[in-house]
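Engineer: Any chance you can model this:
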Amino acid sequence: MQSGKTSLDLRTRSMDIQRSDLFKTLERLPTNTSTLLLTCLLPWVPRVVAALTMLYGFSNALGEDLFYTLTPQGVSAAFHLVAIGIRLSFLGLLVLIVVHGIRQQGREGWLALPAVVLVGIAQFQIDLVVLHVPTIWYPLGVGIGLSDIASAALSVVIFALLLRRLQQSLKRQRQMALDVKQAQEVQQVILPQALSSFPGLEIASEYRPAREVGGDFFQIIPDLTDGSVLIVVGDVTGKGLKAGMLVALLVGAIRSTVEMTTEPIGMLQALNRRLLRRGDAQATCLVLRIEKDGSATLANAGHIAPYLNGEPMAMEGALPLGMMEGAEFSVMHFKLNERDRLMLMSDGIAEATDANGNLFGFERVHDLLRESRSASDVATAAQKFGQEDDISVISVTCTAKLTSALV
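Structural biologist: This next block holds a predicted model:
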């Protein structure tokens, strides 16, 4: 008895496991037959429609006695029934597509369903007349057929769907415009003031993005402990919102890195690590630290070299940030004297292009700076010539205060 009971328990557990596996399999299957048919048919809809159309044309030709001298009456009647079956297949296919549309689009699918059903039924108007089903009505003495009603309903549905899509498109555009405006406002917040004064230094900046959101960035960070000033300028790859997001990332990284080090080479190394393994996230960058006695340290990662008193500073080339782990960056040391002017800028100045395709070029930049032009003058000249990229110019001028500080 004990052995029989054990065997019965084992069979019961086996049946429970099989039943559980069956339930799990059923849960993974589509919820109903229409979903299964849609899953199988949707990739083949164009081919199915083409095949049904060809078959319908052939069957209709034989069923309507177009070849009455060659086709027996019985064959014509059979092909007439085949044509009716094909039209029913078309109607079923349309309904399945609309059901799929209801599940994907919701209201738009329900809106299209009545018109599609009417159009499908209208294809059987002649057959309905044979069955004595009224398909033409005469309200106010005007004849209106089923096909007329179906066409009108379909036109109304198409108009309603187009109007709905237009409203949705306008809503998305307004939302995108709002997002761009908010991104622009955020970018204006993270950029320093156009004019900043520090003991011994006067710093002026101009920022002219090519689009609503630019890819140039700069930060001016004074160190209250030792009186030095840190200036970081750069240009990320790309334009628009993507570039703006990368700018926000770099500005945040600059602010957090300053808490640990203000050494230019250390700053570039930290920023380079932030951009590594982020796809095509790359940026040129230049970090300048000016001590209160005028001595300066400049580290460059692929950015345009500054101009000192209208002349370009000779710096070795280096890779931009985010290109390679452990990349080496060029470093130079110099000293600013009274009335020295240091001009830092992005490549949007030299890459400005006129209507004939001529570049603004470094020669024009050199000529402008030899005339002791301000940051605003340089940016305006390049913008009027033909702005193609973001323009940023930072002018650093030593004042008499610096001389008095050195005495």
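Engineer: elements contacting the lengthiest helix in the chain?
Structural biologist: In the chain, taking DSSP state H as the definition, the longest helix is helix 146-190. The criterion is 3 or more CB pairs under 8 Å, 6 or more residues apart in numbering; DSSP states H and E, and the helices and strands that helix 146-190 contacts are helix 107-122, helix 125-130, helix 240-258. No exception for glycine: its C-beta is placed from N, CA and C like everyone else's.
Engineer: what angle do that helix and helix 107-122 make?
Structural biologist: Here helix 146-190 runs at an angle of 160 degrees relative to helix 107-122 (axes from the mean of the first three to the mean of the last three CA atoms, to 10 degrees).
Engineer: Can you get me a residue count around Ala50?
Structural biologist: When neighbours are defined as other CB atoms under 10 Å, Ala50 has 10 of them.
Engineer: element containing it, please.
Structural biologist: Secondary structure from DSSP states H and E places Ala50 in helix 45-63.
Engineer: hmm, who's touching that helix?
Structural biologist: Under the criterion CB atoms under 8 Å, 6 or more residues apart in numbering, residues 41, 67, 71, 75-83, 86-87, 89-90, 93, 97 lie in contact with helix 45-63.
Engineer: Alpha carbons of that helix, as PDB, please.
Structural biologist: Coordinates of the C-alpha atoms in helix 45-63 are reproduced here as PDB (Å, rounded to 0.1, in the frame of the first residue of the first chain):
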ATOM      1  CA  VAL A  45       1.000  41.800 -46.000                       C
ATOM      2  CA  PRO A  46       2.500  43.400 -49.200                       C
ATOM      3  CA  ARG A  47       3.000  40.000 -50.800                       C
ATOM      4  CA  VAL A  48      -0.400  38.700 -49.700                       C
ATOM      5  CA  VAL A  49      -2.100  41.800 -51.200                       C
ATOM      6  CA  ALA A  50      -0.200  41.400 -54.500                       C
ATOM      7  CA  ALA A  51      -1.000  37.700 -54.700                       C
ATOM      8  CA  LEU A  52      -4.700  38.300 -53.900                       C
ATOM      9  CA  THR A  53      -4.900  41.200 -56.400                       C
ATOM     10  CA  MET A  54      -3.500  39.000 -59.200                       C
ATOM     11  CA  LEU A  55      -5.800  36.100 -58.300                       C
ATOM     12  CA  TYR A  56      -8.800  38.400 -58.000                       C
ATOM     13  CA  GLY A  57      -8.200  39.900 -61.500                       C
ATOM     14  CA  PHE A  58      -7.900  36.400 -63.000                       C
ATOM     15  CA  SER A  59     -10.900  35.000 -61.200                       C
ATOM     16  CA  ASN A  60     -13.000  38.100 -61.900                       C
ATOM     17  CA  ALA A  61     -12.200  37.900 -65.600                       C
ATOM     18  CA  LEU A  62     -13.400  34.300 -65.800                       C
ATOM     19  CA  GLY A  63     -16.300  34.700 -63.400                       C
END
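Engineer: List the contacts of the closest residue to Thr135 other than its chain neighbours.
Structural biologist: Nearest residue to Thr135 in three dimensions, chain neighbours excluded: Leu146, at 4.3 Å (CB to CB, 6 or more residues apart in numbering). Contact analysis of Leu146 by CB under 8 Å, 6+ apart lists 118, 121-122, 125, 128, 135-136.
Engineer: Roughly how far does Leu146 sit from Ala352?
Structural biologist: As judged by CB to CB, to the nearest Å, Leu146 and Ala352 stand 67 Å apart.
Engineer: same check, this time on Cys398
Structural biologist: Applying CB to CB to Cys398 and Ala352 gives a distance of 29 Å.
Engineer: rewinding a little: average model confidence for the helix holding Ala50?
Structural biologist: Averaging pLDDT along helix 45-63 yields 75.
Engineer: Quick one: name whatever helix or strand follows it.
Structural biologist: Sequence-wise, the next helix or strand beyond helix 45-63 is helix 73-105, with elements assigned using DSSP H and E.
Engineer: That next one to helix 107-122, inter-axis angle?
Structural biologist: In terms of direction (the same axes, to 10 degrees), helix 73-105 departs from helix 107-122 by 170 degrees.
Engineer: just to revisit the earlier point, tell me which residues of the helix or strand that comes right after the longest helix of the chain are tucked away?
Structural biologist: Reading on from helix 146-190 to the C-terminus, the next helix or strand found by DSSP H and E is strand 195-198. Across strand 195-198, burial judged by 16 or more other CB atoms under 10 Å covers 196, 198.
Engineer: Stretch 335-354 now?
Structural biologist: Buried residues in stretch 335-354 (16+ other CB under 10 Å): 336, 340-353.
Engineer: Run the chain-centre distance for that stretch.
Structural biologist: The chain centre lies 33 Å from the centre of stretch 335-354; the measure is CA atoms, centre = their mean, to the nearest Å.
Engineer: then it to CSV, C-alphas only?
Structural biologist: In CSV, the C-alpha atoms belonging to stretch 335-354 read as follows (Å, rounded to 0.1, in the frame of the first residue of the first chain):
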residue,chain,number,x,y,z
LYS,A,335,54.5,86.1,-17.8
LEU,A,336,52.1,88.8,-18.4
ASN,A,337,53.3,92.4,-18.0
GLU,A,338,51.4,95.7,-17.7
ARG,A,339,49.0,96.3,-20.6
ASP,A,340,49.6,92.9,-22.1
ARG,A,341,46.6,91.5,-23.8
LEU,A,342,46.0,87.8,-24.2
MET,A,343,43.2,86.7,-26.6
LEU,A,344,41.7,83.2,-26.5
MET,A,345,39.2,82.1,-29.1
SER,A,346,37.5,79.1,-30.7
ASP,A,347,37.9,77.9,-34.2
GLY,A,348,34.6,79.5,-35.1
ILE,A,349,36.5,82.8,-35.8
ALA,A,350,38.9,81.4,-38.4
GLU,A,351,36.3,79.1,-39.9
ALA,A,352,33.8,81.8,-40.7
THR,A,353,32.8,81.5,-44.4
ASP,A,354,31.4,84.1,-46.7
